[in-house]
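Trainee: With the sequence up front, the predicted model follows.
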Amino acid sequence: MLIPIIITIVLVLGIFYPNAFTLINSFFPEGVFSIETYLRFFGTPSSLEALINSIVISLGSVFFSAMIGVPLAFIFHRYDFWGRRILRAIASAPILLPPLVGVIAFLFLYGETGVVSRLIQQSLGLGNPWPGMNGISAVIFVHSYSMYVYFFLLAGAGLERLDYTVEEAAQSLGASRLMTMRRAILPLLAPSLIGAALLTFLSSMASFSAPFIFGGGIRVLSVEIYNSKLNGNMQMALVETVLLASASLAVLVLLRWYEHRDRYSSVGKGVAAPRVPMGSGLARMTMGLSSAIIVSFLLLPHIMVFLMSFVKDGTWTTQLFPPTYTTENYLRLFRDPQFFEPIRNSILMASIATGANLVWGLLATFWLRKRKGVGRRFAEFLIMLPWALPGMVVALAMLESFSTLLAGTIVLLPTVYFIRNLPIVYRAIDASFSQMDPSLEEASATLGARQVYTIRRVVLPLVLPGAIAGSLLAFIAAVGEFVSSILIYVYSNRPISIEILSHIRQFNFGSASAYSVLLILIIGIVLGLGEKVRNTRTNTMIF
């Protein structure tokens, strides 16, 4: 009886109540029904501008991310050349980096004082640095640079599943390569491409770092929510939150609708397309070198962060390149407890939230997998809801609904991390259960094992690899979380992402970069340890 109570408390108090509270309060300011704030939003040009800009930026991010990710997927999956596997792995790496870290790198490279901007200015004799990174085009550029990975990974997976006999049949019937691509390959890749497009659109709508740093005064909903809250206009913040959530949920509904269409499908035998070898050693080397240049260009921002971490604070102002390099930034992080505190806070809060995600996810999956009907579907909808909503929406909903209880305390931020990442862990555990043969539990029961013993010695060892994988993703998302953190942190539990932003505002670029590198290392170490644990033979573990 205790398990369903725990599950219900989290679903009702952690997910349903905050979102329902936000929606209802947006129509009931001071307890009286009113749509005056909504009318004011739609009647104010600047507010409409924020909504339109958010949609335009998201659509632009989808288009340009596809222009980068899809060709790369074809190159790495269809051609065999020198260094293909290594370069393919490197091209996927940006998805593991926190968004704020990438934005900082773009600031150093393409900002008004950025290295690339200054080099172009000097080379072409321009009066001002170019491109300067400002406005809608700058935000789309940053998004495309980081979100192309969605198209690269999903299109690559689609190409791996694509039946090559379909292409052979089209070509044998006289279709040109262009027609084969347009009429055979792309329609079969449509589910993967649309999935990537929707994921990119959602991520762009929820983006805060890039518009906040590179927006140059343009209005977008995510930043407007933050500004409304900062100015004490919580009613407008609630309305903006509802509208942003509505746009995200509309995209989620579109995704679910498309998933059930099954419009494009292949009836072949699943024969993978052979990789096309280059004609000569020189051709393979040229292709590999060209791909390496492309991938290096895509990873240039992250390389820049590492170099900038050795710059002495306050020394890089108007010079093209930093004049002074030092290890002082790293030494200060480990010598001064005050500087190390944000790192400790992030690791501690992410660990607590992820541990709670793992325990609750296991309990919920064990209990819900044997339930059917409307109750289970509604419970799963609530579980997935925090993932469909931007992090800022989840944070503001929690802040407003528990303002008298949790606001201003160190408990609220890890609680938001926990709620925000519930879907990741739950879906990973549920997928592991789906792949498990039910006859294993039946065999254990037939041999006289109690249910607790069956769970401990049969079920858990088979489910744990998937659970650990989901927990790793949840930890990575929590330790570098910025969007929700900026709304609800307090100084005593400020995370590393907030500290990075604070140093940028003080022009301490070296310290900000050192924090960023350390954050990347933490993620890398956790991934390495997690993979080692996940690949261990869990059926030999003693519980």
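Mentor: Structure received.
Trainee: so how many other residues sit close to residue 250?
Mentor: Applying other CB atoms under 10 Å, we find 11 residues neighbouring residue 250. Any C-beta I mention is one placed from the backbone N, CA and C, and that applies to glycine too.
Trainee: if I look at it, how far off is residue 55?
Mentor: 11 Å (CB to CB, to the nearest Å).
Trainee: Not counting sequence-adjacent ones, nearest residue to residue 193?
Mentor: In space, residue 193 comes closest to residue 155 once its chain neighbours are excluded; the distance is 6.3 Å by CB to CB, 6 or more residues apart in numbering.
Trainee: so what pLDDT did that neighbour get?
Mentor: What the model reports for residue 155 is a pLDDT of 84.
Trainee: correct me, but it touches residue 73?
Mentor: Yes. Counting by CB atoms under 8 Å, residue 155 does reach residue 73; the two are 3.9 Å apart.
Trainee: Please identify which of those two sits among more neighbours.
Mentor: Comparing residue 155 with residue 73 by other CB under 10 Å, the one with more neighbours is residue 73, at 27 against 23.
Trainee: how far does the helix or strand harbouring the more buried one sit from the chain's center?
Mentor: Using DSSP states H and E, residue 73 falls within helix 45-78. Centre-to-centre, helix 45-78 and its host chain are 15 Å apart (CA atoms, centre = their mean, to the nearest Å).
Trainee: Now do the helices in the stretch 351-500 of the chain.
Mentor: Taking DSSP state H, counting those that start in this stretch as the criterion, the stretch 351-500 of the chain carries its helices at 374-388, 391-401, 412-435, 439-446, 451-454, 460-479, 485-488, 496-505.
Trainee: which one of these lies closest to residue 142?
Mentor: The closest of these to residue 142 is helix 496-505. By CB to CB, the value is 14.7 Å.
Trainee: care to break this structure down by domain?
Mentor: 34-272+279-308, 329-543 (automatic domain parsing).
Trainee: Find out how far the shortest one is from the centre of the chain, if you would.
Mentor: In other words, domain 329-543. With CA atoms, centre = their mean, you get 13 Å for domain 329-543.
Trainee: following the helix holding residue 73, which helix or strand comes up?
Mentor: Where DSSP H and E defines the elements, the next helix or strand beyond helix 45-78 is strand 79-80.
Trainee: packing partners for that following strand?
Mentor: strand 276-277 (3 or more CB pairs under 8 Å, 6 or more residues apart in numbering; DSSP states H and E).
Trainee: Look up how far residue 522 lies from residue 342.
Mentor: 12 Å.
Trainee: if you count what's nearby, which of the two comes out ahead?
Mentor: Taking other CB under 10 Å, residue 342 and residue 522 do not tie; residue 342 has more neighbours (23 against 19).
Trainee: if I look at the closest residue in space to that one that isn't next to it in sequence, how far off is residue 189?
Mentor: Leaving aside its sequence neighbours, residue 342 sits nearest to residue 499 (CB to CB, 6+ apart; 3.9 Å). In this view, residue 499 and residue 189 are 42 Å apart by CB to CB.
Trainee: Of the two, which one has the most company?
Mentor: Taking neighbours as other CB under 10 Å, residue 499 and residue 189 compare with residue 189 leading, 23 against 20.
Trainee: Was I right to think the more buried one contacts residue 160?
Mentor: No. If you go by CB under 8 Å, residue 189 and residue 160 don't touch, sitting 11.0 Å apart.
Trainee: now stretch 202-212: mean pLDDT?
Mentor: Average pLDDT, stretch 202-212: 86.
Trainee: What number of residues are in the vicinity of the residue lying closest to residue 142 once chain neighbours are set aside?
Mentor: Leaving out its chain neighbours, the residue that sits closest to residue 142 by CB to CB, 6+ apart is residue 210, at 4.2 Å. A count of nearby residues for residue 210, using other CB under 10 Å, gives 28.
Trainee: Which element, helix or strand, includes residue 210?
Mentor: Taking DSSP H and E as the criterion, residue 210 maps to helix 209-214.
Trainee: and residue 50, how far is that from residue 501?
Mentor: Counting by CB to CB, the gap from residue 50 to residue 501 is 21 Å.
Trainee: Same question for residue 335.
Mentor: In terms of CB to CB, residue 335 sits 23 Å off from residue 501.
Trainee: Between the two, which has more neighbouring residues?
Mentor: residue 501 (22 against 10).
Trainee: give me every residue that touches that one.
Mentor: By CB atoms under 8 Å, 6 or more residues apart in numbering, the residues touching residue 501 are 100, 482, 486, 512.
Trainee: would you turn those residues into TSV with pLDDT, distance to residue 89 and neighbour count?
Mentor: Shown next, in TSV, are the contacts of residue 501 (pLDDT from 0 to 100; distance: CB to CB, whole Å; neighbours: other CB atoms under 10 Å):
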residue	pLDDT	distance to residue 89	neighbour count
100	81	24	29
482	88	26	23
486	88	32	23
512	88	28	29
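Trainee: Out of those, which is nearest to residue 19?
Mentor: residue 486 (20.1 Å).
Trainee: these two touch, right, that closest one and residue 499?
Mentor: No. At 11.6 Å, residue 486 does not count as touching residue 499 under the criterion of CB under 8 Å.
Trainee: what's the closest of the helices of the stretch 351-500 of the chain to residue 295?
Mentor: Among the helices of the stretch 351-500 of the chain, the nearest to residue 295 by CB to CB is helix 460-479 (21.6 Å).
Trainee: who does the closest one touch, helix- and strand-wise?
Mentor: helix 337-368, helix 412-435, helix 509-534.
Trainee: what angle do it and helix 391-401 make?
Mentor: 90 degrees (axes from the mean of the first three to the mean of the last three CA atoms, to 10 degrees).
Trainee: From here on, call the first residue 407.
Mentor: With the count now opening at 407, the last piece we talked about shows up as helix 866-885.
Trainee: got the buried residues for helix 866-885?
Mentor: Of the residues in helix 866-885, 866, 868-885 count as buried by neighbour count, 16 or more other CB atoms under 10 Å.
Trainee: Please work out the angle formed by the directions of it and helix 743-774.
Mentor: Interaxial angle of helix 866-885 relative to helix 743-774 (the same axes, to 10 degrees): 140 degrees.
Trainee: report the angle between the axes of helix 866-885 and helix 902-911?
Mentor: Angle, helix 866-885 to helix 902-911, by the same axes, to 10 degrees: 20 degrees.
Trainee: Can you give me the separation between the residue nearest to residue 548 and residue 546?
Mentor: 9 Å.
Trainee: Phi and psi next, for the residue lying closest to residue 747 once chain neighbours are set aside.
Mentor: Leaving aside its sequence neighbours, residue 747 sits nearest to residue 900 (CB to CB, 6+ apart; 7.8 Å). The phi/psi pair for residue 900 (degrees, to the nearest 10) reads phi -60, psi 130.
Trainee: Please apply the same query to residue 624.
Mentor: Dihedral angles (degrees, to the nearest 10) for residue 624: phi -70, psi 150.
Trainee: low-scoring pLDDT stretches of the stretch 607-756 of the chain, where are they?
Mentor: 661-662, 664-687, 689-690, 693-694 (pLDDT under 70).
Trainee: And the helices in it?
Mentor: Counting by DSSP H, counting those that start in this stretch, the helices of the stretch 607-756 of the chain are 615-620, 627-636, 640-665, 687-714, 734-741, 743-774.
Trainee: Would you mind finding the most buried of the ones you listed?
Mentor: Across these, averaging neighbours per residue (mean count of other CB atoms under 10 Å) puts helix 615-620 on top, at a mean of 24.
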